[in-house]
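K.L.:
Sequence unavailable; structure follows:
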């Protein structure tokens with residue numbers, strides 16, 4: 001059984017000092033990964049990660065997730081190799097197909113179909129792996145096998161990730177335990193297991209935690225999950241698997257159940273919840 005891993009998805013602050021202080025805090029709290037998303041209107045991921053690398057020594061650094069449609073494999077491989085080299089092998093490449101049409105338009109790019117975006121993502125993974133494994137590629141990464149994660153929710157994307165990636169992140173999980181209902185956690189895990197086949201034992205499964213609410217700590221802040229589930233009531237939002245609600249011990253037991261039943265061992269959350277979650281994390285180490 002895999003050990004747990006815990007990561008924090010960070011949006012860079014308004015200054016170098018604030019950002020580096022936040023990066024130190026992620027490491028000091030005991031998290032395993034510091035992750036940066038990839039959206040227009042936010043800091044570019046690679047510079048932010050290199051700034052974090054300057055003031056940390058243990059925490060791994062990654063993108064969660066990079067919009068593959070904004071990149072070409074050769075250029076991406078160059079950046080990945082450089083960041084991995086300059087962070088002493090701490091980089092993890094997280095990739096997604098891209099979904100925000102307005103960001104494509106703002107960048108002056110056409111918005112491909114979902115199938116085209118997933119095909120480009122698959123080609124990117126294959127080509128980046130090939131380039132990084134080539135001893136003649138420059139710059140050289142600290143490790144030729146930089147870990148690659150894929151996150152999303154569609155059947156084709158998750159199946160492709162199960163075949164090609166080291167980590168697959170589940171998004172868009174709906175309430176319920178019925179494995180015949182599309183989008184429930186049992187159904188999504190069954191999909192990954194079918195697609196991965198024999199390599200399921202090698203596959204790390206990730207879940208993005210949208211909110212953490214410790215009972216007795218006041219009213220839950222459900223703004224982030226409501227962005228993804230706009231039609232859900234507060235009561236319904238608290239039943240979503242990636243909204244963690246209960247005492248610190250109850251949430252820890254929930255994550256142990258997710259690991260034992262579904263093989264989910266890697267959980268990422270937003271910086272808003274990292275202090276509350278650190279108390280849960282301490283119960284799982």
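P.N.:
Received the coordinates, thanks. Every value quoted in this text rests on a predicted model; they were computed, and no experiment measured them.

K.L.:
Going by C-alpha atoms from here, please, whenever you check contacts or count neighbours.
P.N.:
OK.

K.L.:
and residue 95, how many neighbours?
P.N.:
For residue 95, the tally of surrounding residues (other C-alpha atoms under 10 Å) stands at 29.

K.L.:
Quick check: beta-bridge partners of residue 214?
P.N.:
Beta-bridge partners recorded for residue 214 (DSSP bridges): residue 246.

K.L.:
Return the per-residue confidence for residue 11.
P.N.:
Residue 11 is assigned 84 on the pLDDT scale.

K.L.:
Not counting its neighbours along the chain, what's nearest it?
P.N.:
Nearest-residue entry for residue 11: residue 36, 6.3 Å, with adjacent residues in sequence omitted and distances by C-alpha to C-alpha, 6 or more residues apart in numbering.

K.L.:
all strands for the stretch 51-200 of the chain, in order.
P.N.:
60-63, 66-67, 91-96, 148-152, 167-170 (DSSP state E, counting those that start in this stretch).

K.L.:
Tell me which of those strands lies nearest to residue 271.
P.N.:
Set against residue 271 and scored by C-alpha to C-alpha, the strands of the stretch 51-200 of the chain come closest in strand 60-63, at 14.6 Å.

K.L.:
relative to strand 91-96, how tilted is the longest helix along the chain?
P.N.:
The helix that spans the most residues within the chain, counting by DSSP state H, is helix 114-133. Interaxial angle of helix 114-133 relative to strand 91-96 (axes from the mean of the first three to the mean of the last three C-alpha atoms, to 10 degrees): 160 degrees.

K.L.:
Average pLDDT for helix 114-133, rounded please.
P.N.:
On average, helix 114-133 scores 98.

K.L.:
what's the span of stretch 102-114, first residue to last?
P.N.:
15 Å (C-alpha to C-alpha, to the nearest Å).

K.L.:
Also stretch 81-98?
P.N.:
This stretch, stretch 81-98, spans 22 Å end to end (C-alpha to C-alpha).

K.L.:
The longest helix of the chain versus strand 148-152: what angle between them?
P.N.:
In terms of direction (the same axes, to 10 degrees), helix 114-133 departs from strand 148-152 by 170 degrees.

K.L.:
what number of residues lie near residue 197?
P.N.:
Neighbour count for residue 197, taken as other C-alpha under 10 Å: 11.

K.L.:
which SSE is residue 260 in?
P.N.:
Using DSSP states H and E, residue 260 falls within helix 248-262.

K.L.:
tell me which strands and helices that helix is in contact with?
P.N.:
Under the contact definition 3 or more C-alpha pairs under 8 Å, 6 or more residues apart in numbering; DSSP states H and E, helix 248-262 sits against strand 264-270, helix 274-282.

K.L.:
looking at the ones you listed, which is buried most?
P.N.:
Neighbour counts (mean count of other C-alpha atoms under 10 Å) averaged over each of those peak at strand 264-270, with a mean of 21.

K.L.:
and that strand, what does it pack onto?
P.N.:
Applying 3+ C-alpha pairs under 8 Å, 6+ apart, one finds that strand 264-270 contacts strand 5-9, strand 204-209, helix 248-262.

K.L.:
Dump the ones you listed to CSV, plus mean neighbour count.
P.N.:
Below are these laid out as CSV (neighbours: other C-alpha atoms under 10 Å):
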stretch, mean neighbour count
strand 5-9, 23
strand 204-209, 22
helix 248-262, 17
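
K.L.:
can I get those in a markdown table with distance to residue 149?
P.N.:
As requested, these are arranged in a markdown table below (distance: least, C-alpha to C-alpha, whole Å):
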| stretch | distance to residue 149 |
| --- | --- |
| strand 5-9 | 13 |
| strand 204-209 | 9 |
| helix 248-262 | 18 |
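
K.L.:
Could you find the closest non-adjacent residue to residue 45?
P.N.:
In space, residue 45 is closest to residue 36, 5.6 Å off (C-alpha to C-alpha, 6+ apart).

K.L.:
Can you name the residues that contact the one you found?
P.N.:
9, 10, 11, 12, 45, 48, 49, 62, 63, 64, 65 (C-alpha atoms under 8 Å, 6 or more residues apart in numbering).

K.L.:
and the fourth one, which of the three is it?
P.N.:
Taking DSSP: H, G, I helix; E, B strand; the rest coil as the rule, one finds residue 12 in the coil state.

K.L.:
Is it correct that it is in contact with residue 19?
P.N.:
Yes - under the criterion of C-alpha atoms under 8 Å, residue 12 makes contact with residue 19 at 5.6 Å.
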